[in-house]
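Pasting a predicted model and its sequence here:
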Amino acid sequence: MFQKILIANRGEIAARIIRTCQLMGIKTVAIYSEADMEAPHVKMAEEAYLVGGPRVAESYLKLDKILEIAKATGVEAIHPGYGLLSENAIFARRCVESGIVFIGPSPDVIAKMGSKIEARRAMEVAGVPVVPGIFHPLLDVEEAVQAAHAIGYPVMLKASAGGGGIGMQIVRSDEEIRKAFAGNQKRANDFFGDGAMYLEKFIVNPRHIEIQIFADNQGNTVYLGERECSIQRRHQKVLEEAPSTFLDPVTRQKMGETAVKAAQTIGYSNAGTVEFLVDENKQFYFLEMNTRLQVEHPVTEEITGLDLVEWQFRIASGESLRLSQKDIKFEGHAIEVRIYAEDPRTFFPSPGKITKWVTPQGLGVRNEVAVREESVVTPFYDPMIAKLVVKGENRGEAIERLKQALHDYQVEGIKTNIPLLREIAKSEAFRAGDTTTDFITKYL
Amino acid sequence: MGQIVANMAGNVWKVLVKPGDQVEEEQDVVILESMKMEIPIAAEVAGRVKEIKTNEGDFVNEGDVLIILE
């Protein structure tokens, strides 16, 4: 096992990774930007180094500087967390070349899954169902119009390198696609440095259900069940739960086995998530594969009793999976909500100073937090400042605990989406499990 | 004569107008990027752009003047 690792991330996930390191007796090196001098992860790590200015391009994305720190501090591995450099194949390759273990799959696998078009092709070849659509980058808007006709409106226009809902738009007519194409292409270029666009059939009233997989370097792969992540705003997840109310045991097993097949086909190792869209008839389609730990991984930890970050370290250090598929048991029901620093109605960000911060406590309540009272939420990073995870014996109990915990949550000084989360938790539609991706616009 | 100010801190992603342009009430004039989100800033009143006080890529604080109208 590793003696010392570097965490190339910030916020709640950096703190969460350090916690597992402490339990495993692994020494930690944190990095931070000028905006994060007072951040919890900086205080928690044994060593912490300033990388640069507040913007991510000046700090958390500066791979040369981060590798320099890694070498100087003598770490054996780098945990990239999620976002930032976690799906950057160049960074992963540079780690390998520097003799440092990148905690994740191989650089080639990251690159392949990072291109949604390439991922679609790989899955099609593997016999994994993919959303009907095209498998190559569109040349121009005219080809987009033709392709849309062949698929049939409505279609989803997407950036191959996209993420977080950026560069993605539903279009319902020739006119709309002509209007949307150039703007989304430009946005994809600006945000991801790659303007390749493609089209998929728009699945009506879909659910977003993903499968957590783990693969070791010896060729063993297992799935740790699903997470239902359909409740979203701006194409980003707001609430995740497991198990999904929508899946029956047969579909669950079929999706799990399909995810394992997908991972094995591309030579996957470490933690990964295969995201599926599931339609009203329980037909599921491959959407994308996230080659990293997910924000919502605690939901899986709660129902499996496993520490996924510990598993990541064990696999990266060369150990085989300790459990086979039949040993993996699911128990109870877990729900995670993401606390965003934003207006609960307009979803506009709300940076500022937190003047009051009280997290809820109680049986089955887990907080993952990146801030505290007096923290300043800056405009430089993602608006997610905390996660609240609850667990109950069943979904009803989990919802009751969620309602109570959200009631007890107190944040002042900035706006948060907690009022919206309270509405979701007490809504009849949520209780009934009627959670499709249009939940917030439909019911709230 | 009026001025358009940033309603939150962020990076100036795009300036959509140039000096001399006539802008209408509620027309988007600048797009800020804050917390990975694009925030359009609209003119509250109609007017002609006299001066642009910011450049694309600049960091602005809440309340900073972005554009002066006449």
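Right, received. Where do you want to start?

Tell me who's in contact with the residue positioned nearest the centre of chain B.
Nearest to the centroid of the C-alpha atoms of chain B, with distances taken as CA atoms, centre = their mean, sits B:Val30, at 3.9 Å. Residues near B:Val30 by CB atoms under 8 Å, 6 or more residues apart in numbering or on different chains: B:4, B:6, B:12, B:14-16, B:40-41, B:54, B:66-67. Using the backbone N, CA and C atoms, a C-beta is placed for each residue, glycine as well.

buried subset of those residues?
B:4, B:6, B:12, B:15, B:41, B:54, B:66-67 (16 or more other CB atoms under 10 Å in any protein chain shown).

Strands - which of the residues you listed land there?
B:4, B:12, B:15, B:41, B:66-67 (DSSP state E).

And the furthest pair within those?
Spanning the widest gap among those are B:Ile4 and B:Val12, at 12.0 Å by CB to CB.

quick revisit: the contacts of B:Val30 into CSV, with extra columns for pLDDT?
Below are these laid out as CSV (pLDDT from 0 to 100):
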residue, pLDDT
B:Ile4, 95
B:Ala6, 93
B:Val12, 93
B:Lys14, 89
B:Val15, 94
B:Leu16, 94
B:Pro40, 91
B:Ile41, 93
B:Thr54, 94
B:Leu66, 96
B:Ile67, 96
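
what kind of secondary structure is the most centrally placed residue in chain A in?
Centroid-nearest residue in chain A, with CA atoms, centre = their mean: A:Gln294, separated by 3.7 Å. Assigned by DSSP: H, G, I helix; E, B strand; the rest coil, the conformation of A:Gln294 is coil.

Enumerate the residues of chain A near chain B.
Chain A comes close to chain B at residues A:55, A:164, A:234, A:341-342, A:347-351, A:378-383, as judged by CB under 8 Å from any CB of the partner chain.

of the residues you listed, closest to A:Pro105?
Among the residues of chain A next to chain B, and counting by CB to CB, the member closest to A:Pro105 is A:Gly164, at 20.5 Å.

Could you measure from the closest one over to A:Ile339?
Distance, A:Gly164 to A:Ile339, using CB to CB, to the nearest Å: 17 Å.

quick one: which of those two has more around it?
Using other CB atoms under 10 Å in any protein chain shown, the more surrounded residue of A:Gly164 and A:Ile339 is A:Ile339, with 26 against 14.

Does the more buried one belong to a helix, a strand or coil?
Classified using three-state DSSP, A:Ile339 is strand.

Check the contact lists of B:Ile4 and B:Val12 and give me the overlap.
Common contacts of B:Ile4 and B:Val12, defined by CB under 8 Å, 6+ apart, comprise B:30, B:66.

can you give me the strands in chain B?
Secondary structure of chain B, counting by DSSP E: strands at B:2-5, B:10-15, B:22-23, B:28-34, B:37-42, B:47-52, B:59-60, B:65-69.

what about the first one, distance to the chain center?
With CA atoms, centre = their mean, to the nearest Å as the basis, strand B:2-5 stands 8 Å off its chain's centre.

What pLDDT does the model give A:Gln236?
A:Gln236 carries a pLDDT value of 89.

what sits against it?
Contact analysis of A:Gln236 by CB under 8 Å, 6+ apart lists A:164-165.

And A:Ala77, by the same measure?
By CB under 8 Å, 6+ apart, the residues touching A:Ala77 are A:2, A:5-6, A:100-103, A:313, A:316-317.

swap the cut-off to 10 Å and go again
A:Ala77 makes contact with A:2-6, A:26, A:70, A:95, A:100-103, A:312-313, A:316-317 under the criterion CB atoms under 10 Å, 6 or more residues apart in numbering or on different chains.

For residue 61, the count of nearby residues, please.
I went with chain A, as the question did not name one. If you count neighbours by other CB under 10 Å, A:Leu61 ends up with 17.

that's the wrong chain, I wanted chain B
B:Asn61 has 12 neighbouring residues, counting by other CB under 10 Å.

what about the closest residue to it other than its chain neighbours, distance to A:Ile166?
Among residues not flanking B:Asn61 along the chain, B:Ala9 sits closest, at 5.0 Å (CB to CB, 6 or more residues apart in numbering or on different chains). Distance of B:Ala9 to A:Ile166, computed by CB to CB: 20 Å.

Let me know the average pLDDT across the top helix by length along chain A.
Longest helix in chain A, counting residues (DSSP state H): helix A:174-192. Taken as a whole, helix A:174-192 has an average pLDDT of 90.

Stretch A:11-22 too?
On average, stretch A:11-22 scores 98.

what's the answer for stretch A:435-444, then?
The pLDDT scores in stretch A:435-444 average 90.

Span of it from start to end?
End-to-end span of stretch A:435-444 (CA to CA, to the nearest Å): 12 Å.

who touches it?
The set of residues external to stretch A:435-444 that reach it, using CB under 10 Å, 6+ apart, is A:203-208, A:228-235, A:237-239, A:241, A:244-246, A:277-280, A:344-345, A:347, A:420, A:423-424, A:427-430, A:434.

at 6 Å what do you get?
With contact meaning CB atoms under 6 Å, 6 or more residues apart in numbering or on different chains, stretch A:435-444 is reached by A:205-208, A:230-233, A:423, A:427, A:429.

closest to chain B among these?
For the contacts of stretch A:435-444, the residue nearest chain B by CB to the nearest CB is A:Arg233; the value is 11.0 Å.

so is A:Ile424 in a helix, a strand, or just coil?
Using three-state DSSP, the structure places A:Ile424 in helix.

Roughly how far does it sit from A:Leu239?
For A:Ile424, the distance to A:Leu239 equals 6 Å [CB to CB].

what about A:Ile17, distance to chain B?
21 Å (CB to the nearest CB, to the nearest Å).

per-domain residue ranges of chain A.
As assigned by automatic domain parsing, chain A contains the domains A:4-103, A:132-201, A:207-443.

List buried residues within the residues of chain A next to chain B.
Among the residues of chain A next to chain B, those classed as buried by 16+ other CB under 10 Å are A:55, A:341-342, A:347, A:349-351, A:378-383.

Need the max-distance pair from the residues you listed.
Greatest spatial distance among these (CB to CB): A:Arg55 and A:Phe347, at 22.2 Å.

hang on, A:Leu6 in a helix?
No. Counting by three-state DSSP, A:Leu6 falls outside a helix, being strand.

who does it bridge with?
A:Val29, A:Ile78 (DSSP bridges).

Just the buried positions in stretch A:266-280, please.
For stretch A:266-280, a neighbour-count test (16+ other CB under 10 Å) marks A:266, A:268-278 as buried.
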